[in-house]
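Peer 1: A structural model of the following input is requested.
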Amino acid sequence: MATEVSIKTPFITLGQLLKEESIISTGGQAKWFLKENEVLVNEEHDDRRGRKLYPGDIVALPGGERFIINGGESQA
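Peer 2: Numbering: from 1, shown residues only. A predicted model of the protein is given here:
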């Protein structure tokens, strides 16, 4: 089961997502986390904390946790 993450801006960065979802406690941990763990964005490995995530993107973390980016006003 994937967790939906609503954003009110056009995009969120991968590092911001990790912090917002309490995967990491500070933004500075994002670089380390992404180097040490295989994170998939739309089924492709990505270790860039600045990777822009847009509505419809899917992020998969080790252990099976998944997040779907959802635009804030898309469910009208």
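Peer 1: any idea whether G15 is helix, strand or coil?
Peer 2: helix (DSSP: H, G, I helix; E, B strand; the rest coil).
Peer 1: Contacts only, for it.
Peer 2: Contacts for G15 (CB atoms under 8 Å, 6 or more residues apart in numbering) come out as G27, A30, K31, L34, R49, G50. C-beta: built from backbone N, CA, C; applies to glycine.
Peer 1: let's see it at 7 Å
Peer 2: Applying CB atoms under 7 Å, 6 or more residues apart in numbering, we find G15 in contact with G27, A30, R49, G50.
Peer 1: Of those residues, grab the buried ones for PyMOL.
Peer 2: Entered in PyMOL, the line below selects the buried ones among these, by 16 or more other CB atoms under 10 Å:
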select buried, resi 30+49
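Peer 1: between the contacts of G15, which is nearest P10?
Peer 2: G50 (14.6 Å; CB to CB).
Peer 1: so the closest one sits right up against F11, yeah?
Peer 2: No: counting by CB atoms under 7 Å, G50 does not reach F11; the two are 10.5 Å apart.
Peer 1: Can you list the low-confidence ranges for this structure?
Peer 2: 72-76 (pLDDT under 70).
Peer 1: Could you give the number of residues near G63?
Peer 2: Neighbour count of G63, defined by other CB atoms under 10 Å: 6.
Peer 1: Distance of it relative to I12?
Peer 2: 21 Å (CB to CB, to the nearest Å).
Peer 1: And the strands in the protein?
Peer 2: Here the chain has its strands, by DSSP state E, at 2-7, 12-13, 40-41, 44-45, 52-53, 58-60, 66-71.
Peer 1: Just list what the second one packs against, helices and strands only.
Peer 2: Put plainly, it is strand 12-13. strand 52-53 (3 or more CB pairs under 7 Å, 6 or more residues apart in numbering; DSSP states H and E).
Peer 1: what about the strand it packs on, distance to the chain center?
Peer 2: Mean C-alpha position of strand 52-53 versus that of the full chain (CA atoms, centre = their mean, to the nearest Å) differs by 8 Å.
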